[in-house]
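Undergrad: Provided below for reference: sequence and predicted model.
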Amino acid sequence: MITRSAIFRGRIHAGQEALFYRLVEEKMIPAWRQMLHAQSVRAYRPHTAEAGFEDVFLVQQVDYPSHAALAEALASPNRAAAMAAMEEIRPLYEGFHHHVVYEPLGGRADGQSG
């Protein structure tokens with residue numbers, strides 16, 4: 001299993017926070033769940049952060065069975081739906097997001113061996 005994460009940095013426009021997070025729940029999470037081969041979808045609203053990371057306002061994680069499955073998902077038509085949902089929330093914030101693909105250590109997703 002691998003996890004693809006999107007880390008959103010910047011700031012949500014003042015007064016738009018509730019709408020932003022509601023649209024993430026109503027539009028983005030369902031779109032991410034529809035991604036081909038997506039096994040689990042998680043989205044987090046940061047509570048606290050270390051110095052230098054106070055501008056992180058959303059973290060998303062999607063688990064896929066393999067790198068090949070992720071590549072297929074990113075090339076699939078389902079990604080267009082996720083990108084369309086993204087365009088709905090984009091006007092609500094200033095900033096950017098970047099992706100990180102993680103692999104578990106120890107051969108299991110929970111990091112435990114065996």
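TA: The structure has been received and is ready for your questions. Residues are numbered from 1 along each chain as shown.
Undergrad: residue 35 versus residue 76, what's the distance?
TA: Residue 76 sits 7 Å away from residue 35, going by Cβ to Cβ, to the nearest Å. Using the backbone N, CA and C atoms, a C-beta is placed for each residue, glycine as well.
Undergrad: look at the two and report which has more neighbours.
TA: Neighbours were counted for residue 76 and for residue 35 using other Cβ atoms under 10 Å; residue 35 has more, 22 against 15.
Undergrad: could you find the closest non-adjacent residue to the more buried one?
TA: Of all residues not flanking residue 35 in the chain, residue 73 sits nearest, at 4.8 Å (Cβ to Cβ, 6 or more residues apart in numbering).
Undergrad: so who does the one you found touch?
TA: For residue 73, the contacting residues are 35-38, 64, 79, by Cβ atoms under 8 Å, 6 or more residues apart in numbering.
Undergrad: quick one: buried residues of the host helix or strand of it?
TA: In the assignment (DSSP states H and E), residue 73 maps to helix 67-75. The neighbour-count check on helix 67-75 (16 or more other Cβ atoms under 10 Å) flags 69-70, 73 as buried.
Undergrad: out of those residues, who's nearest residue 51?
TA: residue 70 (32.1 Å; Cβ to Cβ).
Undergrad: on the pLDDT front, check that closest one for me.
TA: pLDDT, residue 70: 97.
Undergrad: contacts only, for it.
TA: 2, 4, 37, 64, 101.
Undergrad: state the distance from it to residue 96.
TA: Residue 70 is 21 Å from residue 96, by Cβ to Cβ.
Undergrad: residue 57 now?
TA: From residue 57 to residue 96 the distance is 11 Å (Cβ to Cβ).
Undergrad: between these two, what contacts are shared?
TA: Between them, residue 57 and residue 96 share the contacting residues 8-10, judged by Cβ under 8 Å, 6+ apart.
Undergrad: just the buried ones among those residues, please.
TA: 8-9.
Undergrad: quick check, nearest of the shared contacts of residue 57 and residue 96 to residue 31?
TA: Closest to residue 31, out of all of these and judged by Cβ to Cβ, is residue 8, at 15.1 Å.
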